[in-house]
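1. sequence first, predicted model second:
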Amino acid sequence: MKIEERLNEMGWVVPAAPGAVAAYLPWVRSGNLVFTSGQLPWREGRMAHAGRLGAELTVEQGYEAARLCALNAIAQLKAAAGGDLDKVRRIVRVEGYVHCAPGFRGHPQVLNGASELFNAAFGVRGEHARLAIGVSDMPLDAAVQITVTAELDPEP
Amino acid sequence: MKIEERLNEMGWVVPAAPGAVAAYLPWVRSGNLVFTSGQLPWREGRMAHAGRLGAELTVEQGYEAARLCALNAIAQLKAAAGGDLDKVRRIVRVEGYVHCAPGFRGHPQVLNGASELFNAAFGVRGEHARLAIGVSDMPLDAAVQITVTAELDPEP
Amino acid sequence: MKIEERLNEMGWVVPAAPGAVAAYLPWVRSGNLVFTSGQLPWREGRMAHAGRLGAELTVEQGYEAARLCALNAIAQLKAAAGGDLDKVRRIVRVEGYVHCAPGFRGHPQVLNGASELFNAAFGVRGEHARLAIGVSDMPLDAAVQITVTAELDPEP
């Protein structure tokens, strides 16, 4: 089954790739690697999850925010791959930044929202290395932000 | 026009590449990619912008700090490219870390100081992916820090 | 002398590569590059250094924590290189995250614990670019976390 069909069967629709907030691009390809910009939990043009884990938000809400960041990253990878997610050979590394109040410790649980979507969508090609840290302040008050490095099929 | 001439016309002089603060190098090349160390707002051997956005510093000062980080990154890329910035094929990704007080939200505006210098200097080759996060504590109290991943022309 | 023998002569034993804490892998290879997940100061299955620099921990303890992160990263690189550290062609970039209380400034000194181990083990191949930032909250209360990008020998 095609990767995008698999996502659709799981109930996910790959959105239009969110644009950048400022003077940069959402992704850049170099060789077979694609480096995305920081992906935020946008949904239909709105910041869907604002606030801090361990204060305004629960771990469950953080998980959903991370999953939405991953869905937006998938939209960027689709664009980078010319519209065909099956040309994504590997999710290489996901850097995850969790907006949190002092003392929060649930970063891995929150970021599993992103990791599990990559794994479900791409199977073994979705298995990735990961960084998880807490940050005290996030652009637009976003709950979570991720960057993704991925490998695409060689260009013909 | 050569890239360094374009920078000079805009009033910028590429400084000598700042050295590393400790037991590491300012950049490493692997294949066609160059990965820089964290670049700080050094000017003539002095930390030009210390303090936190949203407290001691204004967004305008942060913008200048980010631009200075980018100028220092350009100095590193020049060194990595054997002295010729025209061998920089692409600015790939800029990771931007903004030293800030709780509640600061102007990270994108601050980091545009870096992004707009890359864009002005390198044109379409300067268009890059970007990460922006807030950090609570920075080495040397620096206002901004950036790392850059760039692609160089293949070695002969 | 083989790199692992050199480590042993210095009194270090490369541990079994720590597994990932959640739904991701400890490292992924793409081309000749290996990207590790965030490495924490695990020792024999225990978090050896928990707490914040500038509060519960001294710079010396932070240095030891960073060195232990590097030892665990070396274990991951050994696994990625099929068990032979001599196939690590270059440590490319180390991103270092120091868990700290407000006002801490000793990030470079702490992360030298990682950098100096890479340098001692790999010689000129260990010389790397580096990022150092402070973070307010860390998974598992770890004192330090590092990610490593390294270049391996081409696959036969």
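-> Alright, I've got the coordinates.

2. was I right to think residue A:48 contacts residue A:69?
-> No. Counting by CB atoms under 8 Å, residue A:48 does not reach residue A:69; the two are 9.9 Å apart. Where C-beta positions appear, they are placed from N, C-alpha and C, glycine not excepted.

3. walking through chain A, point out its strands one by one.
-> Applying DSSP state E to chain A gives strands spanning A:27-30, A:33-36, A:42-43, A:46-47, A:88-99, A:129-135, A:144-152.

4. so does the third one get close to chain B?
-> Right, strand A:42-43. No. Using CB under 8 Å from any CB of the partner chain, strand A:42-43 stays clear of chain B, coming no nearer than 14.0 Å.

5. what's that strand packed up against?
-> helix A:59-80 (3 or more CB pairs under 8 Å, 6 or more residues apart in numbering or on different chains; DSSP states H and E).

6. can we see that at 6 Å?
-> Of the remaining helices and strands, none touches strand A:42-43 by 3 or more CB pairs under 6 Å, 6 or more residues apart in numbering or on different chains; DSSP states H and E.

7. residues making contact with it?
-> Strand A:42-43 is contacted from outside by A:18, A:72, using CB atoms under 6 Å, 6 or more residues apart in numbering or on different chains.

8. what distance do you get for residue A:95 to residue A:141?
-> In this view, residue A:95 and residue A:141 are 19 Å apart by CB to CB, to the nearest Å.

9. looking at those two, which one has more neighbours?
-> residue A:95 (25 against 16; other CB atoms under 10 Å in any protein chain shown).

10. how far off centre is stretch A:66-77?
-> With CA atoms, centre = their mean, to the nearest Å as the basis, stretch A:66-77 stands 4 Å off its chain's centre.

11. kindly apply the preceding question to stretch A:121-137 instead.
-> Distance of stretch A:121-137 from the chain centroid (CA atoms, centre = their mean) equals 8 Å.

12. dump it to PDB, restricted to CA.
-> Presented in PDB, the C-alpha positions along stretch A:121-137 are these (Å, rounded to 0.1, in the frame of the first residue of the first chain):
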ATOM      1  CA  ALA A 121       3.200   5.700   8.400                       C
ATOM      2  CA  PHE A 122       6.600   4.600   7.100                       C
ATOM      3  CA  GLY A 123       7.100   1.300   8.800                       C
ATOM      4  CA  VAL A 124      10.800   0.400   9.100                       C
ATOM      5  CA  ARG A 125      11.600   3.400   6.900                       C
ATOM      6  CA  GLY A 126      10.100   5.500   9.700                       C
ATOM      7  CA  GLU A 127      12.400   4.300  12.400                       C
ATOM      8  CA  HIS A 128      14.500   7.300  13.400                       C
ATOM      9  CA  ALA A 129      17.100   8.700  15.900                       C
ATOM     10  CA  ARG A 130      15.700  11.300  18.200                       C
ATOM     11  CA  LEU A 131      16.600  14.200  20.500                       C
ATOM     12  CA  ALA A 132      14.200  15.300  23.300                       C
ATOM     13  CA  ILE A 133      14.800  18.500  25.300                       C
ATOM     14  CA  GLY A 134      12.700  20.900  27.300                       C
ATOM     15  CA  VAL A 135      12.700  24.600  26.300                       C
ATOM     16  CA  SER A 136      11.400  27.400  28.400                       C
ATOM     17  CA  ASP A 137      10.100  29.600  25.500                       C
END
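
13. tell me the mean pLDDT over it?
-> Averaged across stretch A:121-137, pLDDT comes to 96.

14. what of stretch A:51-68?
-> 98.

15. contact partners of that stretch?
-> With CB under 6 Å, 6+ apart as the criterion, stretch A:51-68 contacts A:41, A:48-49, A:98-101, A:104, A:106, A:109-111, A:113-114, A:117, A:143-144.

16. measure it end to end?
-> 15 Å (CA to CA, to the nearest Å).

17. same question for stretch A:121-138.
-> Start-to-end, stretch A:121-138 (CA to CA) is 27 Å.

18. distance to residue C:8 for the strands of chain A - can I get that in CSV?
-> Putting these into CSV (distance: least, CB to CB, whole Å) gives the following:
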stretch, distance to residue C:8
strand A:27-30, 38
strand A:33-36, 35
strand A:42-43, 51
strand A:46-47, 52
strand A:88-99, 30
strand A:129-135, 27
strand A:144-152, 33
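
19. bridged to residue A:96, which residues?
-> residue A:132, residue A:146 (DSSP bridges).

20. give the contact list for it.
-> With CB under 6 Å, 6+ apart, residue A:96 has these contacts: A:111, A:132, A:146.

21. what's the closest of those residues to residue A:77?
-> residue A:146 (12.1 Å; CB to CB).

22. hmm, that closest one is touching residue A:39, no?
-> Yes. Counting by CB atoms under 6 Å, residue A:146 does reach residue A:39; the two are 5.2 Å apart.

23. what residues do these two have in common as contacts?
-> In contact with both residue A:146 and residue A:39: residue A:69, using CB under 6 Å, 6+ apart.

24. gap between the residue nearest the centre of chain A and chain C?
-> Nearest residue to the geometric centre of chain A (CA atoms, centre = their mean): residue A:70, 2.4 Å. To chain C, residue A:70 is 11 Å away according to CB to the nearest CB, to the nearest Å.

25. and chain A, which residues reach chain B?
-> When proximity is defined by CB under 6 Å from any CB of the partner chain, chain A lies next to chain B at A:21-25, A:27-28, A:30, A:35-38, A:97, A:135-137, A:139, A:147.

26. check those residues against chain C, which are close?
-> residue A:136.

27. how about low-confidence regions in chain A?
-> A:21 (pLDDT under 70).

28. chain C contacts on that one?
-> A:92-93, A:100, A:104, A:107-108, A:112, A:115-116, A:127-134, A:136, A:151.

29. how many neighbours does residue A:11 have?
-> Residue A:11 has 6 neighbouring residues, counting by other CB under 10 Å.

30. ok, now the one 3 residues further on?
-> For residue A:14, the count of nearby residues is 20 (other CB under 10 Å).

31. against residue A:127, how distant is residue A:50?
-> According to CB to CB, residue A:50 and residue A:127 sit 30 Å apart.

32. how about the nearest residue to the residue in chain A that chain C sits nearest to, chain neighbours excluded?
-> Nearest to chain C, among the residues of chain A, is residue A:134, at 3.0 Å (CB to the nearest CB). Of all residues not flanking residue A:134 in the chain, residue C:137 sits nearest, at 3.0 Å (CB to CB, 6 or more residues apart in numbering or on different chains).

33. contacts only, for residue A:47.
-> Residue A:47 touches residue A:140, counting by CB under 6 Å, 6+ apart.
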